[in-house]
Each structure stands twice: as C-alpha cells, then as structure tokens.
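Peer 1: Let me see the structure of the following:
(chains A, B and C)
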Amino acid sequence: MRYLRKKITTGKAENVARSLLGHYLCRKTEDGLVKGMIVETEAYLSKNDQACHASRGKTRRNETMFGEAGKAYIYFIYGNYYCFNVVTGPIGQGEAVLVRAVEPLEGLDLMRERRSYPELDRDLTNGPGKLCQAFAIDRTLDGHELWQEPLYLKENSSINEKTEVKATPRIGISVATSKKLRYIISGSNYLSRRESLE
DNA sequence: GTAGGGATGCCCT
DNA sequence: GGGCATCCCTACA
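Peer 2: Here you go, the predicted structure:
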C-alpha cells in the first residue's frame, strides 16, 4: 500500500471530495497507528459558496486553506472540537474538502480510549469532531503535508467502480444549503447521519 | 428513536 | 461580543 498520489488531492473540490472516498486516512503517534477508510466528505468551494471559510478572504484562521493542495487545514470549532480538511486548490484559491466520517479499521482500542469508550464502534469516527478526537488531530497539524507521517493518506487499490457514491446537501451549515456537495459511500454503516434520512 | 438546547473557546468584526 | 463546517445529554414518545 502506498501513499496517495498528490494528484488526487489536486483539482476542483467536488472532484477531490468524490475521489477521496474509499481511500485511507492514517495517523501515527507514540501510542500507535490509527487507520480508517474515508466514507463521507464535503466540498467547500472558493467562489459563490457562502458556507466556505475562504469566501470572506484570507485570515489567520483560514490561511492554510489558501495554501498548497494536499495539505491539512484544521480549525477549532464550538469551543471543543476540531475539523479536518484536505486543501485541494492551487495556491491562493481557497478550496478544501472536509472529511466528515471514516470507517475505523486499525487501532480501535486507541480510538476507544480517546473517545471515552462509546457503546458502538461507529460512534468512534462518524462525525468531523469525533474523528479528530479518535485520530488525535488538532491545530498543531494545521498545514501538515498529507503525503508523509505522522498524518497521511494511503491508497486503497481495491476500490472498484461499483462503489456507489451519493451526493447530498451539506450538514451543519446555515447558508448555501441547497448545494449537493456532501459525498457518501452509499450503504456504509459509518456515516455521520443515517442514509435513510437523506 | 427523535428533538431540543447547553457547553465550550477561539477567531473575527 | 457574536458566531461557529459539533457533540452529548436530557426529555418525551
């Protein structure tokens, strides 16, 4: 298994959001390795997208979003949580993909410990704040290049074309809610919201 | 099972 | 000082 080619994180955010589904997110710390498969993403566009942090220009908080594709944009939200994004646009563009949920594959004991032992394994990583807790992701990793340790994307070569992807409205935003920029692997049990509710 | 609201702290206006 | 790409707990059905 190799690191994900940088190419896949470069381009229009909609396309990258779709392409990242099924690939792996890995995180190494001295406590061990944690790995999951990406099952839910959201695209945040630079233009005509009021919900995107970059839509109001560059600030200290969002400046990595305007940086190089393939870097991590991580921000702090609601006093308690972090959200993890993959920057996708050329320098100066301000586009990114929010990773909203992964299917836990390795290091489940470590995730359980970090998440205070939820009853169900899907509650380890079925939300942007939850997966950042399970993966020990915080602002010290903001700007990190995602093709190297300790936080990196890996290729899943067994993704087949039958994997059914659906586009739905994004979650948790109050503007631009009509755009279908949330992408999910249909049928996954590890989504942040039940598919039947879509 | 679903709905509603409080906690929390950093960044931006 | 307001708002926020969330989570969790409580109440009620």
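Peer 1: What strands line up against the longest strand along chain A, and which way round?
Peer 2: Counting by DSSP state E, the longest strand found in chain A is strand A:32-44. Paired neighbours of strand A:32-44 in the sheet (DSSP bridges): strand A:24-29 (antiparallel), strand A:96-106 (antiparallel), strand A:182-185 (antiparallel).
Peer 1: where along chain A do the strands fall?
Peer 2: Using DSSP E, strands in chain A cover A:24-29, A:32-44, A:72-77, A:81-87, A:96-106, A:147-148, A:151-154, A:165-168, A:182-185.
Peer 1: Show me what the fourth one packs onto, helices and strands only.
Peer 2: Packed against strand A:81-87 by the contact rule (3 or more Cβ pairs under 8 Å, 6 or more residues apart in numbering; DSSP states H and E) you find strand A:72-77, strand A:96-106, helix A:128-134. Glycine gets a C-beta too; all of them are placed from N, C-alpha and C.
Peer 1: Next, the buried residues of the first one.
Peer 2: Buried residues in strand A:72-77, counted by 16 or more other Cβ atoms under 10 Å: A:72, A:73, A:74, A:75.
Peer 1: and what of the second one?
Peer 2: Applying a neighbour-count criterion of 16+ other Cβ under 10 Å, the buried positions in strand A:96-106 are A:96, A:97, A:98, A:99, A:100, A:101, A:102, A:103, A:104.
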